[in-house]
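Participant: Quick one, structure for this:
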Amino acid sequence: MNTLKPLVAALAMGALVLPLSAPAQGQGGSDELTRHLRACLSAGAGGAPKDSLFSAVAALRSLCGVQIKRVRAYRLAEIDRHFGLPGAKLTPQRKDELERAHEAATRALNDEVALAISNFTGLTS
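Facilitator: Numbering: from 1, shown residues only. Alright, predicted model coming up:
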């Protein structure tokens with residue numbers, strides 16, 4: 001329970017710095033969303049568990065879940081636009097390609113988050 005206090009304090013500080021509402025349509029591009037995510041991860045890193053990178057990643061993903069979801073949604077929407085969505089009728093092959101592209105983008109984001117947490121906490125394993 002003692003590890004939660006610093007994490008809650010970091011969350012409170014992050015709430016003061018970061019806007020709680022999603023960016024309006026046409027605003028808050030990828031760079032802004034990524035900055036908000038990095039700010040959340042950085043703010044929470046001080047209160048993250050120090051026993052392992054896995055624990056720190058789990059705690060900070062929970063803390064910064066909203067920002068992670070926003071970045072992921074933005075990136076997936078970009079992929080969707082590349083495939084002509086909404087509105088395009090995709091063949092089964094193109095649907096498979098779209099699904100693979102979504103999975104790859106999600107994996108890349110997960111890797112970026114873990115690397116940032118490693119850098120901010122100094123943990124490597």
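Participant: next one: the longest helix belonging to the chain to chain centre, how far?
Facilitator: The residue-count maximum for a helix in the chain (DSSP state H) belongs to helix 92-121. The chain centroid and the centroid of helix 92-121 are separated by 10 Å, computed with Cα atoms, centre = their mean, to the nearest Å.
Participant: Report all helices and strands that that helix contacts.
Facilitator: Packed against helix 92-121, as judged by 3 or more Cβ pairs under 8 Å, 6 or more residues apart in numbering; DSSP states H and E, are the following elements: helix 30-45, helix 53-63, helix 65-82. Backbone N, C-alpha and C define where each C-beta goes, glycine included.
Participant: What's the mean pLDDT across it?
Facilitator: Helix 92-121 shows a mean pLDDT of 97.
Participant: Out of the helices and strands packed on helix 92-121, flag the one nearest Ser118.
Facilitator: helix 53-63 (5.8 Å; Cβ to Cβ).
Participant: and the closest one with helix 30-45, angle?
Facilitator: Helix 53-63 runs at 120 degrees relative to helix 30-45, counting by axes from the mean of the first three to the mean of the last three Cα atoms, to 10 degrees.
Participant: so helix 53-63 versus helix 65-82, what angle?
Facilitator: Orientation of helix 53-63 against helix 65-82 (the same axes, to 10 degrees) gives an angle of 80 degrees.
Participant: I'd say Arg38 and Ala116 touch.
Facilitator: Yes - if you go by Cβ atoms under 8 Å, Arg38 and Ala116 touch, sitting 6.2 Å apart.
Participant: just checking, Asp80 touches Ala88?
Facilitator: No - in this structure, Asp80 is not within contact of Ala88 by Cβ under 8 Å, at 9.1 Å.
Participant: Comparing those two, which residue is more hemmed in?
Facilitator: Asp80 (15 against 12; other Cβ atoms under 10 Å).
Participant: For the protein, give me the ranges with low pLDDT.
Facilitator: Applying pLDDT under 70 to the chain picks out residues 1-28.
Participant: so what's the spatially most central residue of the chain up against?
Facilitator: The centroid of the chain falls nearest to Ile68 when counting by Cα atoms, centre = their mean (2.1 Å). Shown in contact with Ile68 (Cβ atoms under 8 Å, 6 or more residues apart in numbering): 37, 61, 109, 113.
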